[in-house]
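Student: The sequence and its predicted three-dimensional model are supplied below.
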Amino acid sequence: MKNYSLLSRYRSQLFGLSIIGIMIFHYFENVLGYLKSGTAFEIAFCFNKFIGSIGVEIFLFLSGMGLYFSLSKNYNLKQFYKKRFVRVLVPYLLYGCIAWFVIDIILKKLSFYKYIHDLSLLSFWTNGVKTIWFIALIIPMYIAFPLIFEMVNSKKGFLKTVVVCLAIAFVCVCSNQSAPKSFGKIEIAFNRIPIFIIGTYFGRLAFEKQKIKKSHLPWLFMGIPIKLFFAFSSIFNFGSPLLLKFQSHFSRYINSYYSVGLIFLCILIFENIKIKPIDKLLCLAGSVSLELYIVHVTIRSMVILLKAPIYHLPVYLVTMIVSVLIAIILHIASNKIIAIFNPPQKI
């Protein structure tokens with residue numbers, strides 16, 4: 001690997017891997033939730049231990065990196081906010097108003113107030129409704145991003161990034177100890193803020209095309225053996241109670257460090273193994289990753305509410321195919337609307 005600009009070169013493929021990983025994780029999560037034994041259960045158990053929801057960490061890492069590029073190329077906060085919010089809110093509102101209506105009004109028979117509460121995404125912060133929690137997190141991250149940008153760009157930006165991430169982790173662990181029920185509703189978002197910030201810092205390294213030195217490699221890949229150690233200790237139960245307690249408190253952060261190693265491992269593979277059909281598939285998935293995430297999680301919720309056996313692979317494959325088709329349509333429709341708000345710049 002020559003320099004960190006490889007992160008930018010393979011950004012689409014990595015986004016594709018992350019959203020595909022998330023969809024696979026949700027299937028195995030369904031299997032673990034409904035089955036207690038069997039081959040499918042064993043495969044799901046192993047996937048959950050070694051991969052799990054790591055696609056979310058990769059998604060957030062890449063999001064932070066992409067925002068760094070966006071603001072570096074044009075430091076105009078008004079245009080930055082307009083472009084970012086239009087990009088995420090247009091597909092969300094275009095599809096979300098229908099999806100939440102189906103989920104809340106038709107399937108759950110809830111009130112119109114509850115529908116508005118969910119559509120606004122405030123229900124995640126107040127009640128822990130996790131269906132589309134990623135959008136609920138990314139919006140405040142957009143708002144705070146100029147501050148994060150200035151931090152990683154400042155003198156001793158690396159040290160400040162590390163300190164801030166550790167401080168956030170400390171606050172999260174303390175919050176979980178003092179108010180586990182309340183914090184448990186939103187920990188899925190708060191515990192993942194550090195990987196977004198780390199992605200922003202790597203965005204700086206990629207934008208400046210800084211060289212990947214040999215001394216960097218142990219730090220870049222160290223998350224992989226750390227994760228494997230904890231995974232095997234959990235499976236074979238050879239860890240001490242203190243070790244298991246540590247893992248339970250810091251599992252999100254172990255996964256975050258693990259995700260960095262996996263990202264660079266995937267880049268190594270992309271650099272040395274060229275398979276065009278797979279590359280095109282990943283790029284396609286990456287190009288509609290936001291829409292696919294929004295559609296996938298809501299379609300999955302609908303299927304579960306309809307009490308369909310979503311843990312059966314054929315049923316889940318149908319939901320995935322439907323999600324992909326709707327996501328592509330949503331992507332095309334959203335781009336046409338986005339072009340009205342953010343018309344292409346004339347050269």
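Tutor: Thanks, I have the structure now. Given the structure is predicted, the values throughout are model-derived calculations rather than measurements.
Student: Okay, now the unreliable bits of this structure?
Tutor: 1, 239, 344-347 (pLDDT under 70).
Student: Can you pull up the most central residue in it?
Tutor: V56 (2.6 Å; CA atoms, centre = their mean).
Student: is it true that that one touches H26?
Tutor: No: V56 lies out of contact with H26 (CB atoms under 8 Å); the separation is 10.8 Å. Where you see a C-beta, it was placed from the backbone N, CA and C, and this is true even at glycine.
Student: Can you dump the C-alpha atoms of stretch 244-256 in CSV for me?
Tutor: Only the C-alpha atoms of stretch 244-256 are listed here, as CSV (Å, rounded to 0.1, in the frame of the first residue of the first chain):
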residue,chain,number,x,y,z
LEU,A,244,-15.6,-10.9,29.8
LYS,A,245,-16.8,-7.8,31.7
PHE,A,246,-14.3,-5.7,29.8
GLN,A,247,-15.5,-7.1,26.5
SER,A,248,-19.2,-6.4,27.3
HIS,A,249,-18.4,-2.7,28.2
PHE,A,250,-16.1,-2.0,25.2
SER,A,251,-17.4,-4.3,22.5
ARG,A,252,-18.4,-1.4,20.3
TYR,A,253,-14.9,0.1,20.5
ILE,A,254,-13.3,-3.3,19.9
ASN,A,255,-15.4,-3.5,16.8
SER,A,256,-14.5,0.0,15.7
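Student: Could you tell me how far it lies from the centre of the chain?
Tutor: Relative to its chain's centre, stretch 244-256 lies at 17 Å (CA atoms, centre = their mean, to the nearest Å).
Student: List the neighbours of it that are in contact with it.
Tutor: Here stretch 244-256 makes contact (CB atoms under 8 Å, 6 or more residues apart in numbering) with 52-54, 57, 169, 173, 176, 187, 191-192, 194-195, 198, 223, 226-227, 230, 233-234, 239.
Student: do the same with stretch 93-100
Tutor: Residues contacting stretch 93-100 (CB under 8 Å, 6+ apart): 115, 118-119, 132, 291, 294-295, 298, 302, 326, 330, 333-334, 337.
Student: coming back round to it: just the buried residues of the contacts of stretch 244-256.
Tutor: 52-54, 57, 169, 173, 176, 187, 191-192, 194-195, 198, 223, 227, 230, 234, 239 (16 or more other CB atoms under 10 Å).
Student: Helices of the stretch 51-200 of the chain, residue ranges please.
Tutor: 54-73, 77-100, 112-119, 122-127, 133-153, 157-178, 180-184, 187-190, 193-207 (DSSP state H, counting those that start in this stretch).
Student: from what I can see W125 touches L137, true?
Tutor: No: using CB under 8 Å, W125 is not in contact with L137; the gap is 9.6 Å.
Student: Neighbour count: the two, which is higher?
Tutor: Neighbours were counted for W125 and for L137 using other CB atoms under 10 Å; L137 has more, 23 against 16.
Student: Not counting sequence-adjacent ones, nearest residue to the more buried one?
Tutor: Of all residues not flanking L137 in the chain, A189 sits nearest, at 4.1 Å (CB to CB, 6 or more residues apart in numbering).
Student: The one you found: what's it in contact with?
Tutor: F124, W133, F134, A136, L137.
Student: okay if I get those as TSV plus distance to V322?
Tutor: What follows is the contacts of A189, written out as TSV (distance: CB to CB, whole Å):
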residue	distance to V322
F124	24
W133	22
F134	20
A136	24
L137	26
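Student: Looking at these, which is nearest I20?
Tutor: F134 (15.6 Å; CB to CB).
Student: ok, the closest one to K336 distance?
Tutor: 24 Å (CB to CB, to the nearest Å).
Student: Then L147?
Tutor: 33 Å.
Student: Show me where the stretch 201-347 of the chain has its helices.
Tutor: Going by DSSP H, counting those that start in this stretch, the stretch 201-347 of the chain shows helices at 217-221, 223-236, 241-272, 276-287, 289-305, 313-341.
Student: out of the ones you listed, nearest to N48?
Tutor: Using CB to CB, the nearest of these to N48 is helix 223-236, at 9.5 Å.
Student: Packing partners of that closest one?
Tutor: helix 39-50, helix 241-272 (3 or more CB pairs under 8 Å, 6 or more residues apart in numbering; DSSP states H and E).
Student: mind listing what's buried in the longest one?
Tutor: Buried residues in helix 241-272, counted by 16+ other CB under 10 Å: 247, 249-250, 252-264, 266-267, 270.
Student: on that earlier part again, ok, F134 and K336, which is more surrounded?
Tutor: For F134 versus K336, neighbours defined as other CB under 10 Å are more numerous around F134 (24 against 10).
Student: ok, the closest residue to that one other than its chain neighbours to L7 distance?
Tutor: Spatial nearest neighbour of F134, chain neighbours left out: Y293 (6.3 Å); criterion: CB to CB, 6+ apart. Using CB to CB, one obtains 20 Å as the distance from Y293 to L7.
Student: Chain neighbours aside, what residue packs nearest to F124?
Tutor: Per CB to CB, 6+ apart, closest to F124 is A136, 4.1 Å.
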